[in-house]
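# need a structure here:
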Amino acid sequence: MIDRFINEAFSFERSSSDSLKNLSIGKRAHIIKWLESFDIKNYTINDDLTIDVNGDVHLYYKSLTYFPSFIKFNKVFGSFDCCNNQLTSLEGCPTTVSGYFSCYFNKLTSLEGCPKTVSKGFYCSNNQLTSLKGCPLRVGKAFYCFKNKKQFSEEYVRSLCKVKGDISV
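Below you'll find the predicted structure:
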């Protein structure tokens, strides 16, 4: 009787494990479909289901209001452009961008979810920003943050972010 119980438990655990793996495959399929629908190429889906892209990501003028919960960019070895949409959140954006990061002309009220490091310019103008909470820790070149709901000072930006180049507020 105990042997039968152990075998049934083992069988259930194995089938549950397979089901969980299939869920991951399902998530990968959703990620691939989404990336391909936006013509994003040269990507790697990491074990944690984050996405690295070797090249630029062009998501401008796509009528995006948010990134789906299954989309989590990690590193973009190029520029990441999600400007001219209707984004209210940057959750899902990459943590590191080796080129430019552009999120201007959206409906953002904060920068939470944006990259922590941007090697070139960071552009967040023409939003509804009331806070720079979540802004990058480092920007290699320019930081443009004008025409928002709240005006920020250059000193304030520099207190939050190490910017090597110009700041336009």
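# Now for the chain, the helix or strand with the poorest mean pLDDT.
helix 2-37 (a mean of 61; mean pLDDT, DSSP states H and E).
# and the next helix or strand after that one, which strands flank it?
Sequence-wise, the next helix or strand downstream of helix 2-37 (DSSP states H and E) is strand 43-45. Sheet neighbours of strand 43-45, with direction, are listed as strand 51-53 (antiparallel) (DSSP bridges).
# where do the helices sit along this protein?
For the chain, helices defined by DSSP state H occupy the ranges 2-37, 154-160.
# pLDDT of the last one, averaged?
The average of the pLDDT scores along helix 154-160 is 95.
# do you know how far the closest residue to Gly92 other than its chain neighbours is from Ser79?
Closest residue to Gly92 apart from its sequence neighbours, by Cβ to Cβ, 6 or more residues apart in numbering: Phe67 at 3.2 Å. In this view, the C-beta of every residue, glycine as well, is placed from N, C-alpha and C. When distances are taken as Cβ to Cβ, to the nearest Å, Phe67 and Ser79 turn out to be 17 Å apart.
# Excluding chain neighbours, what is closest to Phe38?
Distances taken as Cβ to Cβ, 6+ apart put Leu59 closest to Phe38, at 6.0 Å, once the chain neighbours are dropped.
# correction: Phe73
Nearest to Phe73 is Pro94, by Cβ to Cβ, 6+ apart, at 3.8 Å.
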